[in-house]
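Undergrad: here is a sequence with its predicted model. Questions after.
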Amino acid sequence: AVLASDDMAGRKPGTEGYDKAATYVAEQFQAIGLDPVGYGGSYFQPMVFKHMKIIPETARFVVRSEGDPIQLQYVDSYYFVLNATKPTLDISASLVFAGFGITAPEFGLDGYKDIEAAGKIAVVMAGAPSGLDGEIGAVFATVKRKAADARKAGAVGLIVVYSQALEEFQPFATRARTAAAGKLHWLSDDGVAFSDYEDLALIIRMAPEKGALLFDGAQLSYDALQALVTEGKPLPSFAMPASVTAAYAVSEKTSISSNVIGKLSYTASETAAADAEVGPKEAVMLISHLDHLGLKEGDSSNAVYNGAIDNALGVATLIETAKMLARTPQPLKKDVYFAALTAEEAGLLGSQYLARNLPMPPETLAAVLNIDMPVALYPFATIQASGENHSNLGLFAKQAAARYGLDLEDDPMPEEAIFIRSDHYSFVERGIPAIYLNIGSATPEGSGIDGRQMRSDFLSTHYHQTTDDITLPIDWGAAALFGNVHIEMLSALAQTDQTIAWSKESFFNQPRALE
């Protein structure tokens, strides 16, 4: 109720509202007795953010092919994916088509094998081939991964053309409006903005109906390529007769926001104390993002994005888990860290920073658990455990759920690839096993409640809307049960001698997946 109150003004990073929420969490950690492990002996891990926004009148994208040059309309037809290392841009280059833009020989894919991309701009289709399973395909479908493969091939830019299939799933117009509002980037201690794209000069996403312009006179038309995508057939690679010119300038401003981190220290045995045992101990970490979307512009009737379910309830669950674990009589064999994170809504930035600036030796962090948007609106009989098959954390989740008579539920929306879309994934990218539990859709027998429909209704009506507030009919018994599962699992992880490890067959156990 405190975190989702209007007083927190939507908890947007860099605002007084977020800082109030962070202070509240720090006060809770102190009352519990957690050790502060942030900056200067505090609970806060501050980071400086640079907000970059393209100045609309400077945005220019011109396509030159067989006819007259065509200048496209910014936001309506395309948007730039900002690279923090490129505050201004002015580039002209010819094009090559690289299929889905994926280089993965282990899966028989190499979009750059038959073309010369050096010094050119690679045009690629959004998404991934149908033959790549779920989460693996989702990794290769990210702009981040496509940009990395384009850069390795020597390309100076990347144009990702929306497919019709993606348009139905994630409308271009929605993403374009979000991108036009600007992007946050965190700065390293030496003041350099972190970028997923290194020195790649240009990254553009194009609306599907406008992407066709790039293929005038090319070996295959846009429609022909779309047909291959629909039929699940391989995409060819080829040189293109078109060239493009792109330019922009950005406005910049900086802000500061903090992760909030506390530690529950392991309990040394009498033998260990007598032997003066030294050296770093293994650790586990529970994370949950504290930020939300702030205030809604131009709406005075209900202007606050309170984020009760997303994710005040997640942070409240984290706090209660810390409180209960601090009271456990069993000795802990690992340090247990609790972190409320900033800037998740801006692209997992708080977790990205924390994963690269850990308060413990990185090799000692055995596992990360994440709580993000528990839809506790109904009694439930199952738990979803995203990532359960990638490490033996799935076994701990299964045992914790069984302790309360719950089963694990298969992912009801595998196409969403949730495992790579929340804060725990920042740690997965650093090679640290992680798992993300959420409330399942199955309900107790005889309840007459359709959990799947209630979850769907929340996502379609309240998710990222101002109506996600404390007046929602939250089932507090369900919320408590969900918290108990985390307490059980975290307690087991903190007391076990079993090594937490990736499954040998997991894609995320392969170093290449972490580049």
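TA: Structure received.
Undergrad: wait, what's in contact with residue 212?
TA: 221-223 (CB atoms under 8 Å, 6 or more residues apart in numbering). Glycine gets a C-beta too; all of them are placed from N, C-alpha and C.
Undergrad: in the stretch 301-450 of the chain, which spans are strands?
TA: Secondary structure of the stretch 301-450 of the chain (DSSP state E, counting those that start in this stretch): strands at 335-341, 365-370, 382-386, 407-409, 434-439.
Undergrad: quick check: longest helix of this structure.
TA: Across the chain, the longest stretch assigned as helix under DSSP state H is helix 476-495.
Undergrad: for it, buried residues please.
TA: Along helix 476-495, these residues count as buried under the neighbour rule (16 or more other CB atoms under 10 Å): 478-479, 481-495.
Undergrad: pretty sure residue 470 contacts residue 306?
TA: Yes: with contact defined as CB atoms under 8 Å, residue 470 counts as touching residue 306 (6.9 Å).
Undergrad: common neighbours of those two, please.
TA: Contacts common to residue 470 and residue 306, judged by CB under 8 Å, 6+ apart, are 4-5.
Undergrad: which one of the two has more residues nearby?
TA: Applying other CB atoms under 10 Å to residue 470 and residue 306 shows that residue 306 carries more neighbours, namely 26 against 16.
Undergrad: host element of the residue nearest to the more buried one when sequence neighbours are not counted?
TA: Spatial nearest neighbour of residue 306, excluding adjacent residues (CB to CB, 6 or more residues apart in numbering): residue 469 at 4.1 Å. For residue 469, there is no host helix or strand (DSSP states H and E).
Undergrad: ok, how many other residues are close to residue 469?
TA: Neighbours of residue 469 (other CB under 10 Å): 20.
Undergrad: touching, it and residue 8? I think so.
TA: No: applying CB under 8 Å, one finds residue 469 not in contact with residue 8, separated by 11.2 Å.
Undergrad: shared neighbours, these two?
TA: Joint contacts of residue 469 and residue 8 (CB under 8 Å, 6+ apart) are residue 306.
Undergrad: for the chain, which spans come out with low pLDDT?
TA: 268-280, 299-302, 414-415, 510-515 (pLDDT under 70).
Undergrad: quick one on the thing from earlier: run the angle between the longest helix of the chain and strand 335-341 for me.
TA: Relative orientation of helix 476-495 and strand 335-341, computed by axes from the mean of the first three to the mean of the last three CA atoms, to 10 degrees: 140 degrees.
Undergrad: convert the C-alpha atoms of helix 476-495 to CSV, please.
TA: Extracted as CSV, the C-alpha positions of helix 476-495 are listed here (Å, rounded to 0.1, in the frame of the first residue of the first chain):
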residue,chain,number,x,y,z
TRP,A,476,-3.9,-11.4,0.1
GLY,A,477,-4.0,-15.1,1.0
ALA,A,478,-2.6,-15.9,-2.4
ALA,A,479,0.0,-13.2,-2.1
ALA,A,480,1.1,-14.7,1.3
LEU,A,481,1.2,-18.2,-0.2
PHE,A,482,3.4,-17.0,-3.0
GLY,A,483,5.7,-15.3,-0.5
ASN,A,484,5.9,-18.5,1.5
VAL,A,485,7.1,-20.5,-1.5
HIS,A,486,10.0,-18.0,-1.9
ILE,A,487,10.8,-18.2,1.8
GLU,A,488,10.9,-22.0,1.5
MET,A,489,13.1,-22.0,-1.6
LEU,A,490,15.5,-19.3,-0.4
SER,A,491,15.9,-21.0,2.9
ALA,A,492,16.7,-24.3,1.2
LEU,A,493,19.2,-22.7,-1.1
ALA,A,494,20.9,-20.9,1.8
GLN,A,495,21.2,-24.1,3.8
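Undergrad: which elements pack onto it?
TA: strand 283-289, helix 313-326, strand 365-370, helix 393-402, strand 434-439 (3 or more CB pairs under 8 Å, 6 or more residues apart in numbering; DSSP states H and E).
Undergrad: redo the ones you listed as TSV? Include mean neighbour count.
TA: Output for the helices and strands packed on helix 476-495, formatted as TSV (neighbours: other CB atoms under 10 Å):
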stretch	mean neighbour count
strand 283-289	28
helix 313-326	23
strand 365-370	26
helix 393-402	20
strand 434-439	26
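Undergrad: for those, give me TSV that also has distance to residue 206.
TA: As requested, the helices and strands packed on helix 476-495 are exported to TSV (distance: least, CB to CB, whole Å):
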stretch	distance to residue 206
strand 283-289	31
helix 313-326	35
strand 365-370	33
helix 393-402	39
strand 434-439	32
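Undergrad: figure out which of these is closest to residue 42.
TA: Of all the helices and strands packed on helix 476-495, helix 313-326 sits nearest to residue 42, with 16.8 Å by CB to CB.
Undergrad: and the contacts of the closest one?
TA: 3-4, 25, 28-29, 32-34, 262, 264, 286-290, 336, 338, 340, 371-374, 376, 474, 479, 482-483, 486-487, 490-491, 494.
Undergrad: how about 6 Å then?
TA: Contact with helix 313-326 is made by 3, 28, 32-33, 264, 286, 288, 290, 338, 340, 371-372, 374, 483, 486-487, as judged by CB atoms under 6 Å, 6 or more residues apart in numbering.
Undergrad: what does stretch 392-412 give?
TA: Contact with stretch 392-412 is made by 367, 382-385, 388, 433, 435, 440-442, 485, 488-489, 492-493, as judged by CB under 6 Å, 6+ apart.
Undergrad: buried sites along the strand ranked longest in the chain?
TA: Assignment by DSSP state E gives strand 238-264 as the longest strand of the chain. Neighbour counts using 16+ other CB under 10 Å place 240, 242-244, 246-248, 250, 257-264 of strand 238-264 among the buried residues.
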